[in-house]
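Colleague: Return a 3D structure for these sequence lines:
(2 chains)
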Amino acid sequence: MSPIHISWRSICSKPLSSSLNLLLIAFGTGILTILLLASTQINDKLEHNSKDIDLVVGAKGSPLQLILSSIYHIDFPTGNIPLKEAQSLMQNPWVKSAVPLALGDNYNGARIVGTDTNFVNLYQLKLDKGRIWHADFEATIGSAVARDQHLKVGDQFYGAHGLSGGSDIHKAKAYRITGILQPKGNVTDNLILTNISSIWKMHDAHHKGEDHDHANEASSENEHQEITSLLIQFRSPMAVALFPRMVNESTNMQAASPAQESTRLFSLIGIGVDTLQWFAILIMFIAAISVFVNLYNSLKDRSYDLAIMRTLGASRGKLFLIVITEGIVLTVAGALIGIALGHAVLGIISHFQESSQAKLNALYFVQAEVYLLISGLVLGILASIIPSWQAYNVNISETLSKN
Amino acid sequence: MITLKSLSHSYKGGQTIEFKDWHIKTNERWLLLGNSGSGKTTLLHLMTGILQPSAGEVNINGTSIYSLSSKSLDQFRGQNIGIVFQRPHLIGSLSILENLIIVQRFANLAKDMARIKEVLASLDILDKQNAYPAQLSQGQLQRVSIARAVLNKPALLIADEPTSSLDDKNAFAVLDLLLTQSELNQTTLVVATHDKRIKDPFSNTYIL
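Modeller: Predicted coordinates for the structure are as follows:
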């Protein structure tokens, strides 16, 4: 029968008020855990995906939408840009490398990206199996796509029009998988890569009928060919200020900076996160008050118990320990339950998340969770220090004579 | 051997009460007689180290108990003094068995289940060992509180008004238990009471 055991039995003897306290603390800690995990993961994903890209050029519209669609592959593209204009930007001396993207199709939710081998260099992709695509209708797929769709090298699949859903399938031509990429921990894991002309041909065939002969039209239509966007790396930092202005003012296209837009996006989410955070802290504070009130009130009934324990040989220090342990056990157990709850809820959220690119990981742990546990401990000490001090100072003679 | 020497206590109001000296030899049985308000409880608290006297000395088997530190005094009390209160008060969140285990643990003695069962059996309540205090009758609780007081084989067993709220039959039953247990456990017995019904078995009386 250690002090912890006695405290534990005392908690168990008041199941209603103890579970109310546990619930309050678990709820507060749970919300904080979810916020912590989600915002760290989103922040990580934002930074990890855009770290080597200085600028995105695409059709005019919302710059945030352009970034979201071209880098994070979550929103819809803003539209198309003429290949010719894009090519003239690619020749610009400030541009170190430029990766063209042609978006618009998907396979069971995984986006099909028409691009060139610069994409592989930009994201430093490595092959796990097979080889990079060469010819039309060859595809190299990300590791998550291979895993989730059970695809392997040599398999064939049909792309579908649009960025999700499979109602409008391009039946004319199937893609053949030539390679699977190594996991990279960013958005490329969820992409299907092919060359741009595959995307064009897929759409030509789609629009003009399956049996149309398009051998002699390719060169004549070159002038009207379009892509979705360009991912650009600059040669010098000078270009950061001048190049976007040049694009925005002298062409029909817009330039958007991933760093700026990510910051803007995060500051938009941030307001909500801050509000929720304060709300959760308020709940934990209320929980601490509730633990305090509970211990304080129960001390009136328990002072006789405590006096008896003293007559049985328990020292003042032991009584202090018994009462403070009760508070700490409640808040730390509450914090632990809250953290577990946070992970569980995140797991449920990610289970119902449709876009695999922004999927949250429930088994992701951050160091700050240790601080949550410590704050549970501190709350417990704060809530029970006054009742414990009273237990320490209980006047045995007076308490025993009263009854 | 218990000695009280020129003991006095000052109440909060400033009123002072002085107690005449008292020598109790080992295994003697004493009745502490006095009307309500005469200071019986105060004297018991002074004797057991619960209440610091304003002057005087309490010596139990060679230890002057108020020269001990607060912590050692608590431990000394746990090991050498057993107290039966007027109303049996047990820790409600613990079972009967656990209520007795903490008596050994608080006194810093090893947990001894055989001893606990022996005492429970001698008081005829062994079958209640896993019950909780709220499930026991008043009489059974009284027995448990006697078991608690004698568990550590104390040098001194003290009972404060153990019979005053009981009818004749139960009063003598409790008295009988106290006498049997003090004999069984070789303890000196002091019963504080204003209940003159029970004075017969006692050869020594200290009157306030």
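
Colleague: which parts of chain B sit against chain A?
Modeller: B:41-42, B:45, B:48, B:50-51, B:70-71, B:74-75, B:77-79, B:83, B:85-87, B:89, B:91-94, B:98, B:101-103, B:105-108, B:111, B:148 (Cβ under 8 Å from any Cβ of the partner chain). Where you see a C-beta, it was placed from the backbone N, CA and C, and this is true even at glycine.

Colleague: Can you show me the CA trace of stretch A:341-356 as PDB?
Modeller: Extracted C-alpha coordinates of stretch A:341-356, given in PDB (Å, rounded to 0.1, in the frame of the first residue of the first chain):
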ATOM      1  CA  LEU A 341      -7.100  10.400 -28.400                       C
ATOM      2  CA  GLY A 342      -5.500  13.000 -30.500                       C
ATOM      3  CA  HIS A 343      -3.600  10.400 -32.500                       C
ATOM      4  CA  ALA A 344      -6.800   8.200 -32.800                       C
ATOM      5  CA  VAL A 345      -8.900  11.100 -34.100                       C
ATOM      6  CA  LEU A 346      -6.100  12.100 -36.600                       C
ATOM      7  CA  GLY A 347      -6.200   8.500 -37.700                       C
ATOM      8  CA  ILE A 348      -9.900   8.700 -38.300                       C
ATOM      9  CA  ILE A 349      -9.600  12.000 -40.100                       C
ATOM     10  CA  SER A 350      -6.800  10.700 -42.400                       C
ATOM     11  CA  HIS A 351      -8.900   7.600 -43.100                       C
ATOM     12  CA  PHE A 352     -11.700   9.800 -44.500                       C
ATOM     13  CA  GLN A 353      -9.300  12.200 -46.300                       C
ATOM     14  CA  GLU A 354      -9.800  11.900 -50.000                       C
ATOM     15  CA  SER A 355      -6.700  13.600 -51.300                       C
ATOM     16  CA  SER A 356      -3.800  11.300 -50.700                       C
END
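
Colleague: The residues of chain B next to chain A in strands, which ones?
Modeller: Of the residues of chain B next to chain A, the ones assigned to strands by DSSP state E are B:Ile83.

Colleague: so A:Gln397 makes contact with B:Gly49?
Modeller: Heads up, residue A:397 is Ser, not Gln. No. Using Cβ atoms under 8 Å, A:Ser397 makes no contact with B:Gly49, being 10.1 Å away.

Colleague: Between these two, which is the more surrounded one?
Modeller: Comparing A:Ser397 with B:Gly49 by other Cβ atoms under 10 Å in any protein chain shown, the one with more neighbours is B:Gly49, at 24 against 20.

Colleague: For the more buried one, give me the backbone phi and psi.
Modeller: When read as degrees, to the nearest 10, the backbone of B:Gly49 gives phi 80, psi 20.

Colleague: A:Ala102 now?
Modeller: Torsion angles, degrees, to the nearest 10, at A:Ala102: phi -120, psi 110.

Colleague: I'd like to check which residues are in contact with it.
Modeller: The contact partners of A:Ala102, by Cβ atoms under 8 Å, 6 or more residues apart in numbering or on different chains, come to A:Val113, A:Gly114, A:Thr115, A:Ile196, A:Ile199, A:Trp200, A:Glu226, A:Ile227, A:Thr228.

Colleague: between those residues, which is closest to chain B?
Modeller: Of all the contacts of A:Ala102, A:Val113 has the smallest distance to chain B: 64.7 Å, by Cβ to the nearest Cβ.

Colleague: What distance do you get for the residue lying closest to A:Val153 once chain neighbours are set aside to B:Leu4?
Modeller: The shortest distance from A:Val153 to any non-neighbouring residue, by Cβ to Cβ, 6 or more residues apart in numbering or on different chains, is to A:Gly130 (4.0 Å). Applying Cβ to Cβ, to the nearest Å, the value for A:Gly130 to B:Leu4 is 98 Å.

Colleague: For chain A, which residues are neighbours of chain B?
Modeller: For chain A, the residues in contact with chain B (Cβ under 8 Å from any Cβ) are A:1-2, A:6, A:9-10, A:12-13, A:304-305, A:308-318, A:396-397, A:400-401, A:403.

Colleague: Write a ChimeraX command that selects only the buried members of these.
Modeller: In ChimeraX, a selection of the buried entries from the residues of chain A next to chain B looks like this (16 or more other Cβ atoms under 10 Å in any protein chain shown):
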select /A:1,6,9,10,304,305,308,309,310,311,312,313,314,315,316,318,396,397,400,401
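
Colleague: Cross the residues of chain A next to chain B against helices and list the overlap.
Modeller: Those of the residues of chain A next to chain B mapping onto helices are A:6, A:9-10, A:12, A:304-305, A:308-311, A:316-318, A:396-397, A:400-401, per DSSP state H.
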